[in-house]
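In: Quick one: sequence plus predicted model below, questions after.
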Amino acid sequence: LDLAKGLVNAEGGPLIDIQATAEAFLSSNRVQETTAFLLEALKENKEEHAYLQTKLFEINLIGGAPQVADAIMQQGIFTHYDRVHVGKMCERAGLWQRAAEHYTEIADIKRVFKNSHQMNPEFVVTYFGKLNRDQSISLLKDMMARGPSNMQVCVEVAKKYHDELGSQNLVEVFESHKATEGLYYYLGSIVNHSEDPYVHFKYIQSSCLLGQFKEAERVCRDSNIYNAEEVKDYLKSSKLPDPRPLIHVCDRFDYVDELTEYLYLNSLLQYVEVYVTRVS
């Protein structure tokens, strides 16, 4: 091995054929020596060595030393190898994050992300920064469809890339998978600085669906962004056990007659006193 390293590093260029020497080591099943030799011979990261760079990863990923391939990738010293081929081998070896790093096609990415529960959540969130809007929404839908285990990381993705992906798209992802809790936490992180009436309405709605009436009441009382008629109509149709969110909307936007009628028809007259003493 030391002789081979010396010959490949000779002044004026290698005195041996790199590929033939590597194959000679491999013919004796000496994966470790082959790896050490190729790391030395390919260290200049030349495009002409793309095949041998691919071979270096292949012998470790297939030959039972995926941790060695992982360590080499971590160094980032090789850039000319066949990325899709190596990505597939990473996938077979269970190196899900490395596989994801090597793919650009959404079908490949979705397949690897079926194992997202075995990935570092920070990696998953950061990975979405590489994707375009359509890819991101498609991948989020795919992850949400696999159940609640992915919800927390999907919420973090929605929070981080809210501006890029758009609130309407993100709300639809959560709603289409009946993930009201995820929707509530996502919108809760942006509602206080959002000027989008849709965000405020959906946050009030998700708060009510989860029984978070104090939050619904807070936004109905303090927000100047939401569409008052839309919120009023929703709150009336929901027939909440606690009408205080509705009371605030009706008081602020002059729907007092509707409020009085609603409280009377729904046997909530005790809240008239609440309205008089606390709201006004």
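Out: The structure has been received and is ready for your questions.

In: All the helices of the stretch 1-150 of the chain, residue numbers only.
Out: Along the stretch 1-150 of the chain, the stretches classed as helices by DSSP state H, counting those that start in this stretch are 2-8, 18-27, 31-41, 50-62, 66-75, 83-92, 96-102, 106-112, 121-127, 133-144.

In: what's the burial count for the residue nearest to residue 82 when sequence neighbours are not counted?
Out: The shortest distance from residue 82 to any non-neighbouring residue, by C-beta to C-beta, 6 or more residues apart in numbering, is to residue 54 (4.6 Å). (C-beta placed from N, C-alpha, C; glycine too.) Residue 54: 18 surrounding residues under other C-beta atoms under 10 Å.

In: Against residue 232, how distant is residue 54?
Out: To residue 232, residue 54 is 64 Å away according to C-beta to C-beta, to the nearest Å.

In: Isn't residue 73 up against residue 98?
Out: Yes. Using C-beta atoms under 8 Å, residue 73 is in contact with residue 98, at 5.9 Å.

In: out of these two, which sits in the more crowded spot?
Out: Taking other C-beta under 10 Å, residue 73 and residue 98 do not tie; residue 98 has more neighbours (22 against 19).

In: Model confidence at the residue found closest to that one once you drop the neighbours it is linked to in the chain, what's the number?
Out: Closest residue in space to residue 98, ignoring its immediate chain neighbours: residue 90 at 4.2 Å, by C-beta to C-beta, 6+ apart. The model reports residue 90 with a pLDDT of 97.

In: Can you flag the weakest of the helices of the stretch 1-150 of the chain by average pLDDT?
Out: For the helices of the stretch 1-150 of the chain, where the average pLDDT is lowest is helix 2-8, sitting at a mean of 51.

In: do you know how far residue 88 is from residue 32?
Out: 24 Å.

In: quick one: which of those two has more around it?
Out: A direct count of neighbours by other C-beta under 10 Å for residue 88 and residue 32 places residue 88 higher, at 18 against 15.
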